[in-house]
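Engineer: model this:
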Amino acid sequence: DQPDVTVYLRRLTVDNTYVWLSARVVSYIDSPVPGIIIHERFIHEERDGGGVDDGDNSYDNNNIELSVARMVSRVTRIAALLLQAVESALFGGTDRGRSGSIGNDDKNIHSGGSGESANNGDNVDGGGAAEIQAMLLDAAEKMGVDLSSSDNPLRELIQAGGIGGGNGFDGGTVGSPGTGGGGNLTGGGGAGGTNNGEDERGRKKNADPLDYLKTGAILDLSKIILSDGEVKLITLVLTGRLQIEDLGPLLYLALNSPGMDLVAATDEFYQLSEQQLIANANAQSPSEVVLLNPPPLAVINLSYTDIGDYGMEALSEFLYSDNAALKTVDLSFCNIDSQGFLSLCHGLRTRNSRGLPPIEALVLAGNTIVNDVGKQLGSAISSTRTKHHKRKSGHDASPSSYSNSSSEGIKLLHLGSTSISMKCLTELLVALGPTCPLQELKLQSNRIGPIDAAILVKFLEGKSDNGLPVLPKLNRLDMSYNELGDVGTTKLTRAISKRSKVHM
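Structural biologist: Numbering: from 1, shown residues only. As a prediction, this is how the structure comes out:
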């Protein structure tokens, strides 16, 4: 009466290659002690006998098993990442793995946490981690360094003590004048190893003001090429159509259906959620309404997932789901073209029209932006709203999350390697609005030449209706790996020198 279980394992060999193993429980024993007998074997892709099918169906069976193993591995891996990210968003935690709540992890470790988070931390970290944390806190107290909001206490202590080198911490950030050109956060290294508080003040002064865009609960699926079914699964979770406790039943349905059809399984759950939305619209009283509760994730990283236009269309719904916490979306190198960008525009515009806080960081590098979408993309990214009303949510959100402030809006926009023309770029920047709070703009590797640089200079030297420069908060402009030449570089340098607090 015991269940028939097959486990697929992927292992690294001594030759540094990966092989698949199939392990199946063949019998259960009671003596001399309770146990199981496992039959384990290799799953080979090649035909038996050096590429010749010997007629015993082993070749077909191997490939079927290999397909099943890969399918189970992918689906369970993505499901585990979703589960980890959602639980981190809802309950916090101390796991600093591929996805998790970066902003709160060290605080939980320092204080010992509470409730479920504390228990999880004890199980994972053990006594060794607690001892290390105690040592760090003791050293910080002696040095007068506050680690309560740090996401890397050890680095904080090294920098505060002046041990850090002269290289910048963030290689993608160009430093301000006087910091060595690398965004150096150490403030000069601390002469003689002494610390009178000036190093700490200097470090905080030079810290990247946009670092907060990387904090919060994170879902990181980067470098996983996603199939259509996996994109639908992710969309269901991010939009709240599929609650995390229902993720297991959905995977069970998918993995035990004919052909292990994840698309069909996700479509079934999607239709059930559509029926619920229709029921909500026809509800006679608030008690009959079942709210969709999207997880309050702050950062979504889908870079290098190759979702394409189809995936962007499916995933655009999560942009306007009732998640006020969302602030950063990384879609770099996802093979998105015009149609996908139109879907992105629709998601961003709908988010604004629903009164949700605008996205503050958008990374679109490595996709293709052509002339017909530049203006629409800029308008969609703009924080100008057509409606202003609060939305009900199943998760707590602070009132400030829904306020309309002049400081709200896009702060970081990466358009490197997008083949964007200067005409398209200008239309996009104009559509952002003259008072857009954009602080960092990356345009690297777009073959921008001297003539294009002159057009950009003319735009940057423009004035808004209130007499201030356009994009008044822009303080970082990355033009690396272009074709500016001496003329283009000179023109941009002169234009930048006229603006305050701008780093090149």
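Engineer: Pro472: neighbour count?
Structural biologist: 17 (other CB atoms under 10 Å). Any C-beta I mention is one placed from the backbone N, CA and C, and that applies to glycine too.
Engineer: repeat that for the one 4 residues further on.
Structural biologist: When counting by other CB under 10 Å, one arrives at 22 neighbours for Arg476.
Engineer: tell me the pLDDT at it?
Structural biologist: Turning to Arg476, the model gives it a pLDDT of 87.
Engineer: now it, nearest residue through space, not along the chain?
Structural biologist: Across the structure, with CB to CB, 6 or more residues apart in numbering as the measure, the residue nearest Arg476 apart from its sequence neighbours is Glu440 (4.1 Å).
Engineer: buried set for the helix or strand containing Arg41?
Structural biologist: Counting by DSSP states H and E, the element that carries Arg41 is strand 35-43. Along strand 35-43, the positions that meet the burial threshold by neighbour count (16 or more other CB atoms under 10 Å) are Ile43.
Engineer: taking the mean pLDDT, what do you get for that strand?
Structural biologist: Computed over strand 35-43, the mean pLDDT rounds to 85.
Engineer: now do stretch 374-384
Structural biologist: According to the model, stretch 374-384 has a mean pLDDT of 87.
Engineer: contacts for it?
Structural biologist: For stretch 374-384, contacts defined as CB atoms under 8 Å, 6 or more residues apart in numbering pick out 341-342, 344-346, 348-349, 352, 358-359, 362, 369, 408-410, 413, 420, 423-433, 436-437.
Engineer: where helices are concerned, which of those count?
Structural biologist: Of the contacts of stretch 374-384, the ones assigned to helices by DSSP state H are 341-342, 344-346, 348-349, 352, 423-432.
Engineer: and those residues, which of them are buried?
Structural biologist: The neighbour count (16+ other CB under 10 Å) marks 341-342, 344-346, 348-349, 352, 424-432 as buried among the ones in helices among the contacts of stretch 374-384.
Engineer: now the strands for this protein?
Structural biologist: In the chain, the strands defined using DSSP state E lie at 6-12, 18-29, 35-43, 218-220, 299-301, 328-330, 361-363, 412-414, 440-442, 476-478.
Engineer: nearest to Val470, of the ones you listed?
Structural biologist: Ranking these by distance to Val470, with CB to CB as the measure, places strand 440-442 first at 11.9 Å.
Engineer: want to throw the strands of the chain into JSON lines with distance to Asn293?
Structural biologist: Written out in JSON lines, the entries for these read as follows (distance: least, CB to CB, whole Å):
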{"stretch": "strand 6-12", "distance to Asn293": "33"}
{"stretch": "strand 18-29", "distance to Asn293": "38"}
{"stretch": "strand 35-43", "distance to Asn293": "40"}
{"stretch": "strand 218-220", "distance to Asn293": "16"}
{"stretch": "strand 299-301", "distance to Asn293": "17"}
{"stretch": "strand 328-330", "distance to Asn293": "20"}
{"stretch": "strand 361-363", "distance to Asn293": "24"}
{"stretch": "strand 412-414", "distance to Asn293": "28"}
{"stretch": "strand 440-442", "distance to Asn293": "32"}
{"stretch": "strand 476-478", "distance to Asn293": "36"}
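Engineer: give me the below-cutoff pLDDT ranges for the stretch 151-300 of the chain.
Structural biologist: For the stretch 151-300 of the chain, residues meeting the criterion pLDDT under 70 lie at 151-207, 259-260, 284-290.
Engineer: so where's the longest helix in this protein?
Structural biologist: helix 58-91.
Engineer: can you spell out which helices and strands pack onto it?
Structural biologist: Packing partners of helix 58-91 (3 or more CB pairs under 8 Å, 6 or more residues apart in numbering; DSSP states H and E): strand 6-12, strand 18-29, strand 35-43, helix 115-143, strand 218-220, helix 228-238, helix 247-255.
Engineer: so Thr368 touches Asp337, yeah?
Structural biologist: Yes. Under the criterion of CB atoms under 8 Å, Thr368 makes contact with Asp337 at 5.1 Å.
Engineer: give me the common contacts of those two.
Structural biologist: The overlap between the contact sets of Thr368 and Asp337 (CB under 8 Å, 6+ apart) is empty.
Engineer: residues contacting stretch 297-308, please?
Structural biologist: Contacts made with stretch 297-308 from outside it, assessed by CB under 8 Å, 6+ apart, are listed as 85-86, 89, 103, 213-226, 231, 238, 311, 315, 318, 323, 325-337, 340, 363.
Engineer: go again with 6 Å.
Structural biologist: 89, 216-226, 231, 325, 327-335 (CB atoms under 6 Å, 6 or more residues apart in numbering).
Engineer: rewinding a little: the longest helix of the chain - what's its average pLDDT?
Structural biologist: pLDDT averaged over helix 58-91 equals 83, rounded to a whole number.
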